[in-house]
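> this is a predicted model, with the sequence first.
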Amino acid sequence: MMPSPYHVPVMLRECIEAWVTDENGVYVDATFGGGGHSREVLSILGKSARLIAFDRDPAAAENVPDDPRFRLIQANFSLISNHLRFLGIEHIDGLLADLGVSSHQLDNTERGFSIRGDAPLDMRMDRSIKLKASTVVNSYSREQLEQLFRNYAEIREWRALAAAIVAERQQKAIKRTAELIRIGEGVCRDPKRNRFMAKVFQAIRIEVNAELEALKELLQQAAALLKPGGRLVVMSYHSLEDRLVKNFMRSGNFSGQIEKDFFGKPLRSLKPLPGMPISPSEEELKENSRSRSAKLRIAIRE
Ligand SMILES: C[S@@+](CC[C@H](N)C(=O)[O-])C[C@H]1O[C@@H](n2cnc3c(N)ncnc32)[C@H](O)[C@@H]1O
């Protein structure tokens, strides 16, 4: 398959093998992006299969394949049940979620996701939502910023960074990514500055796009939508997401504590496959450095 310049799909073979159980089943690609995973799965599905894809970024629509079995819904995957019900779909055979941002979003500097270059502080996947990165940076209280950098960026300098942002914005509003990088570099104690800034950007992006809330919604709704034997396949790129996925797959809740019924039977609807998480092969890492932090987890609906 020719890699898409929009986004090179990660762990393509592993995802497809995990996702499909019935070649004429109903499947969901919750994060369509460049459509790499969708196109590959369509190439092995039968004539009466259906593939419903979601992406909240309207730019993904440029990658839609010409295939009657396929449909793209431009929406947040947190609304998956409503959209599927509207299409008359009550149950699905498999769902793939390849979380985070696409290379297209990262490389398009104007969107403000990247620590390279200089752009307006935006970071919205769906540009019709109101909250932008600049709103977070300029109007969140110092305590809110501290919590954000402590919990989502997991950096030691969470307090110093929040204080530096508050001091700077008292002089003038912080509008561009380069300004944020300059402030971040002033407080960074990590010798790997890019890694530090990437964490700071990631934290703000998670907040702007309410990524963890959307993921929780998706996991809960997916568990209810999957048929027994159906597969939930999730690829995450940082520990906050991976923890939610891991806990939910093993226990059916986000704390990871398995609750049992009166007879000692676990109260959960999914069973994780053994040997999780799966990481990209050495060969894939060499070809696609962006696959570096990917972790793939697969669970079966009981
Ligand atoms: C890593 S890319 C997916 C790449 C895709 N698998 C491919 O092969 O090209 C993640 C995509 O998910 C979308 N996305 C992230 N969170 C979303 C959400 N809550 N609802 C819908 N789409 C979302 C992003 O806009 C992005 O296009």
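Everything's here; your move.
> give me the neighbour count for residue 165.
Counted with other Cβ atoms under 10 Å, the neighbours of residue 165 add up to 24. To be clear about C-beta, it is placed using only N, CA and C from the backbone, and glycine gets the same treatment.
> wait, doesn't it sit right on residue 174?
Yes - judged on Cβ atoms under 8 Å, residue 165 makes contact with residue 174 at a distance of 6.7 Å.
> show me whatever sits in contact with both of those two.
Both residue 165 and residue 174 are in contact with 137, 180, 183, where contact means Cβ atoms under 8 Å, 6 or more residues apart in numbering.
> closest one to residue 84 out of these, please.
residue 137 (36.4 Å; Cβ to Cβ).
> distance of the closest one from residue 146?
13 Å (Cβ to Cβ, to the nearest Å).
> more neighbours: which of these two?
Neighbours were tallied for residue 137 and for residue 146 using other Cβ under 10 Å; the higher tally belongs to residue 137 (22 against 18).
> longest strand anywhere in this protein?
Using DSSP state E, we find that the single longest strand of the chain is strand 226-236.
> quick one: mean pLDDT over that one.
Averaged across strand 226-236, pLDDT comes to 98.
> ok, and the closest non-adjacent residue to residue 150?
In space, and not counting its chain neighbours, residue 150 is closest to residue 158: 4.0 Å by Cβ to Cβ, 6 or more residues apart in numbering.
> ditto for residue 99
In space, residue 99 comes closest to residue 236 once its chain neighbours are excluded; the distance is 5.0 Å by Cβ to Cβ, 6+ apart.
> that neighbour: neighbour count?
Per other Cβ under 10 Å, the neighbour tally for residue 236 reads 23.
> and the angle from the helix or strand that residue 97 is a member of to strand 226-236?
Secondary structure here is read from DSSP states H and E; on that basis residue 97 sits in strand 92-98. Angle of strand 92-98 versus strand 226-236, following axes from the mean of the first three to the mean of the last three Cα atoms, to 10 degrees, is 10 degrees.
> what packs against strand 92-98?
Counting contacts by 3 or more Cβ pairs under 8 Å, 6 or more residues apart in numbering; DSSP states H and E, strand 92-98 packs against helix 12-19, strand 26-29, helix 36-44, helix 211-225, strand 226-236.
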